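Student: using only what follows, build the 3D model:
(one chain, ligands or ions: 3)
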Amino acid sequence: MAFKVGLLGLGTVGTGTVEILRDPAQRHPLLQELVIHKVGVRSLDKARSLNLSADLLTTDLDAIVTDPEIDIVVEVMGGLEPARSLILKALAHKKHVVTANKAAIARFGDEIFTAASEAGVYVLLEAAVGGGIPVIEPLKQSLCANRINTVIGIVNGTTNYILTRMQTEGGDFGEILADAQQLGYAEADPTADVDGLDAADKIAILASLAFSGRIKLSEVYCEGIRQIGAADIAYAEKLGFVIKLLAIAKRESDQQLQVRVHPTLVPKTHPLASVNDVYNAILIEGDPIGQVMFFGRGAGAGPTASAVVSDILNIAAILKVGRGQVTQADGTPLLDPLLACSHQHYCTIAPMSELVTRFYARFLTQDYPGVIGKLGTCFGDHQVSLESVVQAGIRDGLAEIVVVTHDVREGNFRKALDEIQRMTTVANIASVLRVL
Ligand SMILES: NC(=O)C1=CN([C@@H]2O[C@H](COP(=O)(O)OP(=O)(O)OC[C@H]3O[C@@H](n4cnc5c(N)ncnc54)[C@H](OP(=O)(O)O)[C@@H]3O)[C@@H](O)[C@H]2O)C=CC1
Ligand SMILES: N[C@@H](CC=O)C(=O)O
Ligand code: NA
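Tutor: Ligands and ions are numbered 1, 2, ... in the order given. Coordinates of the predicted model:
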């Protein structure tokens, strides 16, 4: 039995996918039943590392998603449009879809999954978060007996690489970013990575699966790493922390979730503290499983294609045993509830002002006696309790004061900062970071 696959895109991930599909030896035997039927690209003249027969390649992507012979459309072209429209058209033509496109899923998941349920087909996306790391399917299947309470991830390799080098070499953000671009880790336009937007897309997807509801991307708090300085990395180190860009989704109460992305001081003893370079890791806490952590390569041709091909095989397996033919009363194919998306409501996200967390803050002040006391009084007036306050040294003729709080309500902490900002003795609030 042959299952015909149409690929949209033959870049990094598409090429990795074709390489696995063309080399099935010692992999799952079902791979031998997959046939690459068409591959859609932007340019037929581009030099390719793969030797594909010319009749497989086309620039007519519309013809792929409507081709009656194709069973599974694999969207690895990226971007929002035309990816969104092509996915929707493939679904309307009752094709199963595999995608690595976190940006499209995080923004258009609502209409894509609704269209998939109506058509009675699957949309699988293991590659969209953590690349090759299995995390989407474990959340849907292996962990489904658990009540998930927390998902915390390092889900962006570019920023983890930059922060790791800042930590180990003491360099500044700008110079290490330039290096990362030269090495091909960071893209020419690094905005989505360094401003936390890529991580926000990914945590929105993970939160949706973990908490069985849709997430509005606009409600995900997002802060990137551009403002992290060598001084913060050094102080964090002295205090026993490393700085990581964390993507966090947490059950706040029965009604509300926290979903946020921001640089965070992580205790060196925490399992995520030792996840370095371009590696990703996702720590999930559930009841009754406790903590479980997924670690590996979050990007790259081979690792990402590993996830894409496992999704293709999942669909091929269903088609092979004929489960795609079992229909409901209205004639729509009955979908496996552990593989398909079945929730339609939106989760309620708590405002950041209600978050209870520890903070690290660095102030540059006039070096007068009593400045530390004034800061302490202002924090106390806003119910912000301090764990430590140290005058770390003198920078540019100003006293550098580093504060770590106990758990406090973010709204209270911000009010204290507003007041501190207005003090004449305080020249600058140089940085404010949350502490895990
Ligand atoms: N790279 C990675 O490590 C990872 C990528 N992803 C996701 O996978 C997806 C693909 O990424 P990647 O492989 O890196 O992307 P690339 O830029 O390397 O490849 C994109 C491919 O899609 C084709 N393409 C793009 N736009 C069009 C269009 N309008 N019409 C026809 N063809 C088009 C390109 O054609 P042509 O070759 O002719 O230019 C190219 O083959 C993205 O959604 C990305 O976020 C997810 C995890 C990791
Ligand atoms: N740009 C991403 C790769 C794909 O998801 C990253 O740096 O992790
Ligand atoms: Na994955």
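
Student: from the contact counts, what lies against the helix or strand hosting residue 418?
Tutor: Element membership of residue 418 [criterion: DSSP states H and E] is helix 410-421. If you count contacts as 3 or more Cβ pairs under 8 Å, 6 or more residues apart in numbering; DSSP states H and E, helix 410-421 packs onto strand 356-365, helix 371-381, strand 426-435. For the C-beta atoms, the positions are set from N, CA and C on the backbone; glycine is no exception.

Student: try it again with 6 Å
Tutor: helix 371-381 (3 or more Cβ pairs under 6 Å, 6 or more residues apart in numbering; DSSP states H and E).

Student: re the thing from before, buried stuff in the helix holding residue 418?
Tutor: Buried residues in helix 410-421, counting neighbours by 16 or more other Cβ atoms under 10 Å, are found at 410, 412, 413, 414, 415, 416, 417, 420.

Student: same question for stretch 92-103.
Tutor: Neighbour count says stretch 92-103 has 95, 96, 97, 98, 99, 100, 101, 102, 103 buried, by 16+ other Cβ under 10 Å.

Student: what's the pLDDT at the closest residue to ligand 3 within the stretch 51-200 of the chain?
Tutor: Nearest to ligand 3, among the residues of the stretch 51-200 of the chain, is residue 130, at 4.0 Å (Cβ to the ion). pLDDT recorded at residue 130 is 97.

Student: and it, how far is that from residue 419?
Tutor: 41 Å (Cβ to Cβ, to the nearest Å).

Student: other residues contacting the longest helix seen in the chain?
Tutor: In the chain, taking DSSP state H as the definition, the longest helix is helix 301-320. Contacting residues not belonging to helix 301-320 are listed as 3, 12-13, 15-17, 20, 28, 30, 72, 96, 98, 100, 122, 124, 126-127, 131-132, 297, 324 [Cβ atoms under 6 Å, 6 or more residues apart in numbering].

Student: buried members of those residues into ChimeraX, please.
Tutor: Restricted to buried positions by 16+ other Cβ under 10 Å, the ChimeraX selection for those reads:
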select :3,12,13,15,16,17,20,30,72,96,98,100,122,124,126,127,131,132,297,324
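
Student: quick one: the strands in the stretch 51-200 of the chain?
Tutor: 57-58, 72-75, 96-99, 123-124, 147-154 (DSSP state E, counting those that start in this stretch).

Student: can you redo those as CSV with mean pLDDT?
Tutor: As requested, the strands of the stretch 51-200 of the chain are exported to CSV (pLDDT from 0 to 100):
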stretch, mean pLDDT
strand 57-58, 98
strand 72-75, 98
strand 96-99, 98
strand 123-124, 98
strand 147-154, 98
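
Student: who wins for proximity to ligand 2 among those strands?
Tutor: Counting by Cβ to the nearest ligand atom, ligand 2 lies closest to strand 147-154 out of the strands of the stretch 51-200 of the chain; the figure is 9.3 Å.

Student: what separation do you get for the residue nearest to residue 401 when sequence neighbours are not counted and residue 431?
Tutor: In space, and not counting its chain neighbours, residue 401 is closest to residue 363: 4.6 Å by Cβ to Cβ, 6 or more residues apart in numbering. The gap separating residue 363 from residue 431 is 9 Å, by Cβ to Cβ.

Student: neighbour count for those two, which is higher?
Tutor: Neighbour totals were compared for residue 363 and residue 431, and residue 363 leads with 28 against 17 (other Cβ atoms under 10 Å).

Student: tell me the secondary structure of the residue of the chain positioned farthest from its centre, please.
Tutor: For the chain, the largest distance from the centre (Cα atoms, centre = their mean) belongs to residue 369, which lies 45.9 Å off. Using DSSP: H, G, I helix; E, B strand; the rest coil, the structure places residue 369 in coil.

Student: for the residue in the stretch 251-400 of the chain that ligand 3 sits nearest to, grab the count of nearby residues.
Tutor: Per Cβ to the ion, the residue of the stretch 251-400 of the chain with the smallest distance to ligand 3 is residue 307, at 4.6 Å. Residues lying near residue 307 (other Cβ under 10 Å) number 28.

Student: residue 345 now?
Tutor: Neighbours of residue 345 using other Cβ under 10 Å come to 8.

Student: how close does the nearest residue in space to it that is not next to it in sequence sit to residue 197?
Tutor: If the residues on either side of it in the chain are set aside, residue 345 comes closest to residue 213, at 5.4 Å by Cβ to Cβ, 6+ apart. Separation of residue 213 from residue 197 (Cβ to Cβ): 22 Å.

Student: got it, and residue 225?
Tutor: If you go by Cβ to Cβ, the gap between residue 225 and residue 197 works out to 12 Å.

Student: out of the two, which sits in the busier spot?
Tutor: Legend: neighbour count by other Cβ under 10 Å for residue 225 and residue 197, higher for residue 225 (24 against 19).

Student: contacting residues around that one?
Tutor: 159, 194, 245, 263.
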